[in-house]
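> what's the 3D shape of this:
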Amino acid sequence: MKKIPLIWTTSAAGLMAIGLWAASGSRMFESRPRVVAEGRDPMLAVRASGAISLMKVDKGDLWVQTSHDGGDSFEPGVRVNDTAGEVSSHGESSPQLQVRTRGEFYCMWQARRGSGEGHVLRFARSTNWGESFSRAIDVDPGAPSQSFFTMNVSTKGIVYAAWLDGRDRGKGRAGTSAVYMARSVNRGVSFEKPVRIAWDACPCCRPAIAFNGDRGVYVAWRAVLDGNIRDIFVAASADEGLSWGAPVRVAEDNWVLNGCPHSGASMASIGKRLFVAWYAVREKRPALSLAYSDDGGKTFSRRIPVSEGVLDPNHPYLNAIGDRLALVFQGRPTAGGQDWAPVSAYYREVDAAARLSALHMVGHALGSSSYPVFAFEEPGRIYVAWTEPTKDGKVVVLSRGRRGKAASQAVSRAN
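Predicted structure coming up:
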């Protein structure tokens, strides 16, 4: 059984102590997160005007709702999908939203084809700030099975979609899925024929996309190696996704699991430094880690722990906030020995030197939070949203924060 090439090295920079700063560092979130909408699996975007866009799934449809008062209230919303009830969504395969200049909203979701016919990825766009959406198109109409997907847009306006695909099953490899990518070079009017980036992907862990300048593209996924090891790999393209280098192993977690953990990596860049956040179980301890690459994804630093002191941490979401990155994830607090306290959302930042801010618990509202995401608005407003269950169904919860002033400092080391 053929393996993915194992390319794993440690950069000298990764051996350095990683500073932990509370810089701009004390975070103040609302004391009580609020339910703002019925539905589930939110995504957020904030315009320069301060308007907040909330995308959610409700009763099989995809909606975009807007708030013009900083999240105090949201308008009823606009339906994105033109075929009613077709949206299939769950944590690792939930709809994706990207908002760019020119009033462009890009939305992607997984649609049911029919009984026993699998799923197809669908895409629609708005060019008027989400007031209406184009007729949906298939990203790759020829594929029999597409799911567990992601989407991102480069600085040049190229729309990239990556997903786990089942067309290569039964070809004698370790994994049951392969990683495919398609791009749109006309701002979402159509997508090119997809390319296969890697074999042997863990079949239920969402891939991730990030960029390096105008032409560099990265894709991350959880691979399946012989012996059911399920570790994170990254591949890089230097020509806008036309060709791809050999997969590189981010860290030798050597996590053996006879099944899929439903937990993909998240990636984002500060300048040319690529950061990857992921979940793994090492020495029977679940944890989230962060690593970075300064050489285009050829090597990665040693892992940096980012969820210390949190029980059951999972589902990292990493993205840019000005000159640094922010990370949100879910987990259980340990205060008072409550090993089974409700799951809460957590937040921290990382700067270009890989220094971490203090960890802040954002909280929960009615029950346990799942799959938190965030958006940022200059000069310092932070919006975190997630899904919570209630007796009447799923709801979207929002917490708003403001970046504070510098406070104390400490030191954490990569391990």
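> Pull the residues that contact the helix or strand hosting residue 347.
Using DSSP states H and E, residue 347 sits within strand 344-350. Strand 344-350 is contacted from outside by 25, 27, 29, 33, 275, 290, 306-307, 310, 313, 321, 324-333, 356-364, 368-369, 372, 374, 382, 384, 386, 399, 401, using C-beta atoms under 8 Å, 6 or more residues apart in numbering. Using the backbone N, CA and C atoms, a C-beta is placed for each residue, glycine as well.
> Do me a favour and average the pLDDT over the helix or strand following it.
Following strand 344-350 in sequence order, the next helix or strand is strand 356-357 (DSSP H and E). Averaged over strand 356-357, pLDDT sits at 96.
> cool, stretch 286-303 as well?
Confidence for stretch 286-303, expressed as mean pLDDT, is 98.
> Pull out the buried positions in that stretch.
The neighbour-count check on stretch 286-303 (16 or more other C-beta atoms under 10 Å) flags 286-294, 296-297, 299-303 as buried.
> Next, the distance between the ends of that stretch.
Terminal residues of stretch 286-303 lie 14 Å apart, using C-alpha to C-alpha, to the nearest Å.
> Can you give the distance from that stretch to the centre of its chain?
From the chain centre to the centre of stretch 286-303 is a distance of 16 Å (C-alpha atoms, centre = their mean, to the nearest Å).
> From residue 202, how far out is residue 164?
Distance of residue 164 to residue 202, given as C-beta to C-beta, to the nearest Å: 8 Å.
> ok, back up a step: and the strand holding residue 347, how far out from the chain middle?
The answer for strand 344-350 is 14 Å, by C-alpha atoms, centre = their mean.
> Over to stretch 35-44?
Relative to the centre of its chain, stretch 35-44 is centred 16 Å away, using C-alpha atoms, centre = their mean.
> and what of stretch 358-377?
Stretch 358-377 has its C-alpha centroid displaced from the chain centroid by 14 Å (C-alpha atoms, centre = their mean).
> what do you get for stretch 350-365?
16 Å.
> Name the residues of that stretch that come out as buried.
So, applying 16+ other C-beta under 10 Å, buried residues of stretch 350-365: 350-351, 354-365.
> Just the C-alpha atoms of stretch 269-283, please, in PDB.
Taking Å, rounded to 0.1, in the frame of the first residue of the first chain, the C-alpha atoms of stretch 269-283 are listed here in PDB:
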ATOM      1  CA  SER A 269      -0.600  33.700   6.900                       C
ATOM      2  CA  ILE A 270       1.200  36.800   8.300                       C
ATOM      3  CA  GLY A 271       3.300  38.000   5.400                       C
ATOM      4  CA  LYS A 272       5.200  35.000   4.100                       C
ATOM      5  CA  ARG A 273       4.900  33.100   7.400                       C
ATOM      6  CA  LEU A 274       2.300  30.400   7.200                       C
ATOM      7  CA  PHE A 275       0.500  29.200  10.400                       C
ATOM      8  CA  VAL A 276      -1.300  26.000  10.800                       C
ATOM      9  CA  ALA A 277      -3.600  25.100  13.800                       C
ATOM     10  CA  TRP A 278      -4.900  21.600  14.300                       C
ATOM     11  CA  TYR A 279      -6.300  19.000  16.700                       C
ATOM     12  CA  ALA A 280      -4.600  15.700  17.700                       C
ATOM     13  CA  VAL A 281      -4.300  13.300  20.500                       C
ATOM     14  CA  ARG A 282      -0.800  12.800  21.800                       C
ATOM     15  CA  GLU A 283       0.100  10.500  24.700                       C
END
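> Could you list the buried residues of it?
269-270, 273-280.
> shaky segments in the stretch 301-415 of the chain?
The model of the stretch 301-415 of the chain has pLDDT under 70 over residues 336-338, 404-415.
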